[in-house]
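Enquirer: From the sequence below, what's the structure:
(4 chains)
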4 protein chains.
Amino acid sequence: MSGPRRIGVAILGYAFMCKAHSHAFKSIPHFFYPPPAIPDLVVVYGRTEEKVKLAAANYGFRKYVTDWRKAVDDPEVEIVDNCLPNSMHLEPTLEAIEKGRHVLCEKPLARNSEEAKILWDTARKARVKTMVAFNYRFVPAVQLARKIVQSGMLGRIYHFRARYLQDWLVDPNAPLTWRLKKEDAGSGPLGDLGSHIIDLGRFIVGEFKSVMGMVKTFIEERPLPDNPAEKGRVTVDDAFEAVVELENGAIGTLEASRFATGRKNYNNFEVNGEKGSIEFNLERLNELKLYLREWEKDSIGGWDTVLVTEKTHPYIKAYWPPGHIIGWEHTFINEIWYFLNAIVTGGDVAPLGATFEDGYRNNVIMDAILKSAETGRKVTLSF
Amino acid sequence: MSGPRRIGVAILGYAFMCKAHSHAFKSIPHFFYPPPAIPDLVVVYGRTEEKVKLAAANYGFRKYVTDWRKAVDDPEVEIVDNCLPNSMHLEPTLEAIEKGRHVLCEKPLARNSEEAKILWDTARKARVKTMVAFNYRFVPAVQLARKIVQSGMLGRIYHFRARYLQDWLVDPNAPLTWRLKKEDAGSGPLGDLGSHIIDLGRFIVGEFKSVMGMVKTFIEERPLPDNPAEKGRVTVDDAFEAVVELENGAIGTLEASRFATGRKNYNNFEVNGEKGSIEFNLERLNELKLYLREWEKDSIGGWDTVLVTEKTHPYIKAYWPPGHIIGWEHTFINEIWYFLNAIVTGGDVAPLGATFEDGYRNNVIMDAILKSAETGRKVTLSF
Amino acid sequence: MSGPRRIGVAILGYAFMCKAHSHAFKSIPHFFYPPPAIPDLVVVYGRTEEKVKLAAANYGFRKYVTDWRKAVDDPEVEIVDNCLPNSMHLEPTLEAIEKGRHVLCEKPLARNSEEAKILWDTARKARVKTMVAFNYRFVPAVQLARKIVQSGMLGRIYHFRARYLQDWLVDPNAPLTWRLKKEDAGSGPLGDLGSHIIDLGRFIVGEFKSVMGMVKTFIEERPLPDNPAEKGRVTVDDAFEAVVELENGAIGTLEASRFATGRKNYNNFEVNGEKGSIEFNLERLNELKLYLREWEKDSIGGWDTVLVTEKTHPYIKAYWPPGHIIGWEHTFINEIWYFLNAIVTGGDVAPLGATFEDGYRNNVIMDAILKSAETGRKVTLSF
Amino acid sequence: MSGPRRIGVAILGYAFMCKAHSHAFKSIPHFFYPPPAIPDLVVVYGRTEEKVKLAAANYGFRKYVTDWRKAVDDPEVEIVDNCLPNSMHLEPTLEAIEKGRHVLCEKPLARNSEEAKILWDTARKARVKTMVAFNYRFVPAVQLARKIVQSGMLGRIYHFRARYLQDWLVDPNAPLTWRLKKEDAGSGPLGDLGSHIIDLGRFIVGEFKSVMGMVKTFIEERPLPDNPAEKGRVTVDDAFEAVVELENGAIGTLEASRFATGRKNYNNFEVNGEKGSIEFNLERLNELKLYLREWEKDSIGGWDTVLVTEKTHPYIKAYWPPGHIIGWEHTFINEIWYFLNAIVTGGDVAPLGATFEDGYRNNVIMDAILKSAETGRKVTLSF
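Expert: This next block holds a predicted model:
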């Protein structure tokens, strides 16, 4: 009897996301045994040889390249995992699909809906599996939340409100990295953080219908990373605020900021339905808050803090006993295990994984928020 | 030696707010000794004799009347405390001012900015003291929050977000009370709850500049209170959502709903500044959450839960030792004590009390949210 | 038709407890209407004329006296409310009972079990109502907790653990008040705070069976209140720790301290049973935490934070709508309303009120902890 | 230039702890780069061939054996990691030391202090590194807590209280595993959970001086694992309670239970000092609660919830950006990295790692608690 086969992986980009993704690929057989396939970290790509060489050693890739095409073309590679800046999502992803590689692409899918449309159009005609790395879909508490909403346990949904707050730009001397330039990032926290909460709203509650929004850049110039004595213009938003209406009639708000002092990774959403509510906060990702009206009849109604570490909870069987919490990195292990399964079994990426259509719709909604911010008018979505 | 003089009080309305206000008037000498004046509950007004008679006995009024003019005209009355539905704010308040009575008027000041303008115009020409009963200004933690922001401890303010959530209408069979009719209430949670958080934003951070909003009525017909077999139309919003910009450049959101299942009295706001942040939740009104960046340098940065029950905190000297919490009703004791002081000393109602100008501006902002909701456009405020 | 009769009240002591009790007496008709009787604050007693005179004016007593016997003997007085230091519980209470006054006595009932035995023996032969003011029995969340445990909802009880922590002595220069002298107070936090949690254990779970304990005095000398330049000996404990076994087989811990920096009024207990658990913290007295194992089967097990402000919760109908929290002082309003009812209706003080037998048993348990601390041995209780 | 050398590892036992330890060994180069040495999972030992074979495949060991001596003797092995039941700590650990292997031994070091003494005596004469796997020393928040206490930031320490609560035995039909038999486990939650909090007390505050304790077995018979129709006796405690005195004069409590319904992995401790306090809860292991009295002077005193995910916090540089939490398993990664460092550099295991002396003292304290429980007397510790 032969065990699971090896599957070759190329990761584009060697920074923060590469560290998280490569760790996840390696950890899958340890936690999910037997694994759908045994990931083989074939090659990592980066522009700067010295740095990508170090990353290869650190994260355990067999090879490194400084030309992304070589990674995509490598005959040992079956999966291309695109962790590059947003401006580099389009071309390498298209190329990988064309070369018959399965593609996992970091979020947001693209800098705007036009780019995203091209990617989706290409993906739906391709034989390969494609997925956008909206990893927070793979937080056990988030999947539990979705199950609760989709099962009807909360009844008709009246509200969805979400805010993803960080504070790492509150220092005016933080440098002007690629994330602060429109040509590289497309947008600021809207694309970086807002895309996550838009995806969670669609994942848990349903499609959006219209938006009204504001964006703001609080600090307009920042020191250049390579030459702090000089300053350059910030060309993306520092924060956005939006009111939204969903297809099912629910209304709510979306917000993201890098200027919310004290909020480090505060991805917080709340759903209110006629029979109950849920709330989640990524800084306590092992917990889900739940309120059910039926408890009121016994005078014991209240917000229940579910510690999502039981064997009956999504993905937890793979890990530890109750109360032994998992970390942020486990979202990637769950996500990539799920993606490997889809590849090996030929199953759908949807509904738990984010398809390129999900990625496209996400970009459409972000474009609409930007347009509303620009025009001062409500924008009805059209996908 | 003569002690403080007696001061005659008329309360218009005998329901929930009368219960809270009358208790506060009576409790002042117990907690704030010597009191600025000794409140004398002269008369209470209500339309239904049987009910107002009972209220008079229950709350300790010497007289009751079923014609509000008799209460306002009563020569023993120096203060008229208007706790009537919003549609009855204008006329009795104008009459009371004209008769030379000091007026405390429940919030919102009026059903709309036109009515509010008349009240403000009248008030600023009068000799009497007038105040809008935005009682949450008198939560010790809220005044501490204001002090922290106004002192500059948080630096430049980037965000203000507030949501006031309740759930008492989530049952579709809840009856069609006056609060659900536009002619009586002016608006729904916008006026009832939204007015509070708009006031808190102005009180703590500063004036608003522009708004974009949505409103929604989820349940359009409800049983009539007197005849549950028949239904009538709900003519106010069930919830509103808004994005806002403040004069100082901060942006944020405002929301209120009566359909947020599990949120009972969740008046929750957050302020993010360059040096720190604060958060407050009325359901834990003795606590203020505070974050200061300067703590980060010692690796002990975090959200501090200040238990606002120390002698050095606003109003607490009047009450109990540290850790012995106060309740919702104490906001009225503090507020009315403050108002009595202004009357007796001739001091200003501002800045801690809400003036009729504050009430007017509050109505202007609510009107703008409704207009934005109607037109789908951003509305720049003009006071 | 005649309404409720007036009932004359004497309060012995004019300090902190008098402030709380007198406020409660006055507030009863406002919140509980019609009241069992209308309290009439006849007379307050204090040793120092100047101070007791001021208290009489502040709290609304018609008379004041500097000889407690005059208060007890006053023919207008039906209820004697003993708020004096522990050393003054015995004699005035006995005298009041003998004179046919109903007596509410502050906790602990006495300095030790010998004194308490005399009081209980006297009380059970008397026609009058006697009650010990263990006011935390009258926190709505505490009565809900009791109901939950007594109804069997938690099944067999395995653990009771309680700690009552304060920090007001952590400053070594805090003065040597009566609370720090054995002859006046009997003991330190053991009597002051420990008596409360012992009573809550008995009230909610059941009787104690054996104890092992330690006590400690951290700061042995402190400045005299009247002459801070000089120091005197602290003759009571600063903290105690105990392990306990209950009659029903449960085991747990009891602790109290005035040296728990940052804990202001942290009366925190937890009960673990085979089917569920509860936890309470007086600093958030409107909340009760509840865990029920049956929720686990649906993967939604967790600690529920019940906001105990619903009409269906104990005493809440008297107050405000859901989410409008009450304060520490409301425990006295509830307690004294309950006591007035017992007086007027002739009903039992038990089981919700603490009888003098409860007070005696409480003192026995405290004596046993002290004895264990002294001898280093487990003490089996004998009542 | 050659990189770090490989270091051969044998793990004894293939269950829960092996899963955690083997994962940690493999993850070290990913997070701590360059690693002190590159762990090579040479061999895993288990009694049952089928199961240990599966574990070897799952966790990535090159070999497996069913005789522990073969693992210890394997010439490729430099480190023996003993994850066997407590009854198997003594012999294999002695053998491994004798063979010149470095040993990491799971906690508690032994079933009792006699066994532990032999291990310590052997270890201190050996050239190899030996460490007890008290992994909670390697929670970043715990090391931050230690730093805060040891730096004097809290001043003189008055209290240490800790409780480690779980609920997995609350079901009377849970089977009679080795953990419930005295000959295998030595004791119940005392050794399993109590050993952790005793170690944390010693690690953070200091040595213990005397103890008084109670133990209890609530369910005396349970189904046999292999034959659930039959029952066997539980010969260990189900819970223990103790009061303790520390060498520095602090007093407090220790508790552990497997019958605390709703507490899944609630390792919770609190330290109160004259200048401040800290509190920790393993279920939220990324957080440390801190109170500093000096904040009171500005009226902003309160419990600060430090999110221990900043680069300046212990071990966090190895992981993710602020607010991206780590999980329970990271305690092992930190711990084993620390142990590898000691091996490679020849540095001391103390003070951050637990030496065999620490393990011995831990066993002495547990024996004293059992003795006190048996005799009903205070036991003064003698090491």
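
Enquirer: Counting neighbours, what do you get for A:V52?
Expert: As a burial measure, A:V52 scores 21 neighbours (other Cβ atoms under 10 Å in any protein chain shown). (Each C-beta comes from the backbone N, C-alpha and C, glycine too.)

Enquirer: from what I can see it touches A:G46, true?
Expert: Yes - assessed by Cβ atoms under 8 Å, A:V52 is found in contact with A:G46 at 3.0 Å.

Enquirer: Show me which residues of chain A sit near chain D.
Expert: Residues of chain A lying close to chain D (Cβ under 8 Å from any Cβ of the partner chain) are A:3, A:16, A:19-20, A:22-23, A:26-27, A:29-30, A:33, A:57-60, A:166, A:168, A:263-266, A:282-286, A:307, A:309, A:319-330.

Enquirer: Spit out the contact partners of the residue lying closest to A:F16 once chain neighbours are set aside.
Expert: Leaving aside its sequence neighbours, A:F16 sits nearest to D:P321 (Cβ to Cβ, 6 or more residues apart in numbering or on different chains; 7.2 Å). If a contact means Cβ atoms under 8 Å, 6 or more residues apart in numbering or on different chains, then D:P321 has A:16, A:168, A:265, D:309 as its contacts.

Enquirer: repeat for A:L180
Expert: A:169, A:188, A:222, A:234-236.

Enquirer: Overlap in contacts, A:V52 and A:G46.
Expert: Joint contacts of A:V52 and A:G46 (Cβ under 8 Å, 6+ apart) are A:14, A:64, A:66.

Enquirer: quick revisit: so the residue nearest to A:F16 belongs to a strand, correct?
Expert: No - applying DSSP: H, G, I helix; E, B strand; the rest coil, one finds D:P321 to be coil, outside a strand.

Enquirer: which non-adjacent residue is nearest A:I97?
Expert: In space, and not counting its chain neighbours, A:I97 is closest to A:A126: 4.9 Å by Cβ to Cβ, 6+ apart.

Enquirer: now A:N334
Expert: Spatially, and ignoring its direct neighbours in sequence, A:N334 is nearest to A:F138 (3.9 Å; Cβ to Cβ, 6+ apart).

Enquirer: so who does the one you found touch?
Expert: Counting by Cβ under 8 Å, 6+ apart, A:F138 touches A:315, A:331-332, A:334-335, A:338, A:352.

Enquirer: From those, keep the buried residues only.
Expert: Among the contacts of A:F138, those buried by neighbour count (16 or more other Cβ atoms under 10 Å in any protein chain shown) are A:315, A:331-332, A:334-335, A:338, A:352.

Enquirer: how about the helices in chain A?
Expert: With DSSP state H applied, chain A shows helices at A:16-31, A:49-59, A:68-73, A:90-98, A:113-125, A:140-150, A:182-185, A:189, A:195-204, A:330-345, A:356-375, listed in chain order.

Enquirer: Go through those helices and find the least confident stretch.
Expert: In terms of average pLDDT, helix A:182-185 trails the rest of the helices of chain A, at a mean of 90.

Enquirer: wait, A:V80 sits on A:H102?
Expert: Yes - with contact defined as Cβ under 8 Å, A:V80 counts as touching A:H102 (7.3 Å).

Enquirer: Can you pull the poorly scored residue ranges out of the stretch 151-300 of chain A?
Expert: Along the stretch 151-300 of chain A, the model assigns pLDDT under 70 to no residue.

Enquirer: How about whichever residue of it sits closest to chain C: what's its closest non-neighbour residue?
Expert: Nearest residue of the stretch 151-300 of chain A to chain C, counting by Cβ to the nearest Cβ: A:S299, 4.6 Å away. Distance criterion Cβ to Cβ, 6+ apart; nearest residue to A:S299, sequence neighbours excluded, is C:T312 at 4.6 Å.

Enquirer: ok, now how distant is that neighbour from C:F138?
Expert: 17 Å (Cβ to Cβ, to the nearest Å).

Enquirer: Next, work out how far apart the spatially closest residue to A:L285 that is not a sequence neighbour and A:N334 are.
Expert: Nearest non-adjacent residue to A:L285, counting by Cβ to Cβ, 6+ apart: A:V139, 5.3 Å away. Separation of A:V139 from A:N334 (Cβ to Cβ): 8 Å.

Enquirer: again, but for A:K182
Expert: A:K182 sits 33 Å away from A:N334, going by Cβ to Cβ.

Enquirer: Repeat that for A:H159.
Expert: In this view, A:H159 and A:N334 are 28 Å apart by Cβ to Cβ.

Enquirer: need the contact list for the spatially most central residue of chain A.
Expert: Chain A has A:F134 as the residue nearest its centroid, 2.6 Å off, counting by Cα atoms, centre = their mean. By Cβ under 8 Å, 6+ apart, the contact list for A:F134 reads A:107, A:195-196, A:199, A:203, A:354, A:358.

Enquirer: For my notes, please list these in TSV and give neighbour count and distance to chain C for each entry.
Expert: Converted to TSV, the contacts of A:F134 look like this (neighbours: other Cβ atoms under 10 Å in any protein chain shown; distance: Cβ to the nearest Cβ, whole Å):
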residue	neighbour count	distance to chain C
A:K107	24	28
A:S195	26	29
A:H196	24	24
A:D199	23	23
A:F203	21	19
A:A354	27	24
A:D358	25	26
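
Enquirer: Of these, just say which sits nearest to C:G346.
Expert: C:G346 lies nearest to A:F203 out of those, by Cβ to Cβ, at 63.6 Å.

Enquirer: any idea how far whichever residue of the stretch 51-200 of chain A sits closest to chain B is from C:H324?
Expert: Per Cβ to the nearest Cβ, A:Y158 is where the stretch 51-200 of chain A lies closest to chain B, at 4.3 Å. Distance of A:Y158 to C:H324, given as Cβ to Cβ: 22 Å.

Enquirer: close to chain B, is stretch A:368-383?
Expert: Yes - residues of stretch A:368-383 contacting chain B under Cβ under 8 Å from any Cβ: A:372, A:376-378.

Enquirer: Most widely separated two among these?
Expert: Across the residues of stretch A:368-383 next to chain B, the longest distance by Cβ to Cβ is 9.2 Å; it joins A:G376 and A:K378.

Enquirer: For the two, work out which one has more neighbours and name it.
Expert: Taking other Cβ under 10 Å, A:G376 and A:K378 do not tie; A:K378 has more neighbours (22 against 17).

Enquirer: Could you double-check that that one sits in contact with A:M212?
Expert: Yes - counting by Cβ under 8 Å, A:K378 touches A:M212, with 4.8 Å between them.

Enquirer: and for the two, which residues touch both?
Expert: Common neighbours of A:K378 and A:M212 are listed as A:372, B:212, B:214, B:376 (criterion: Cβ under 8 Å, 6+ apart).

Enquirer: which ones are touching the last one?
Expert: The neighbours of B:G376, taking Cβ under 8 Å, 6+ apart as the test, are A:212, A:377-378.

Enquirer: Give me the phi and psi for it.
Expert: Torsion angles at B:G376 (phi, psi; degrees, to the nearest 10) stand at phi 70, psi 20.

Enquirer: What is the burial count for A:V170?
Expert: Residues contacting A:V170 under the criterion other Cβ under 10 Å number 26.

Enquirer: One more: the one 5 residues further on?
Expert: Neighbour count of A:P175, defined by other Cβ under 10 Å: 15.

Enquirer: residues in contact with it?
Expert: Shown in contact with A:P175 (Cβ under 8 Å, 6+ apart): A:222-225, A:228.
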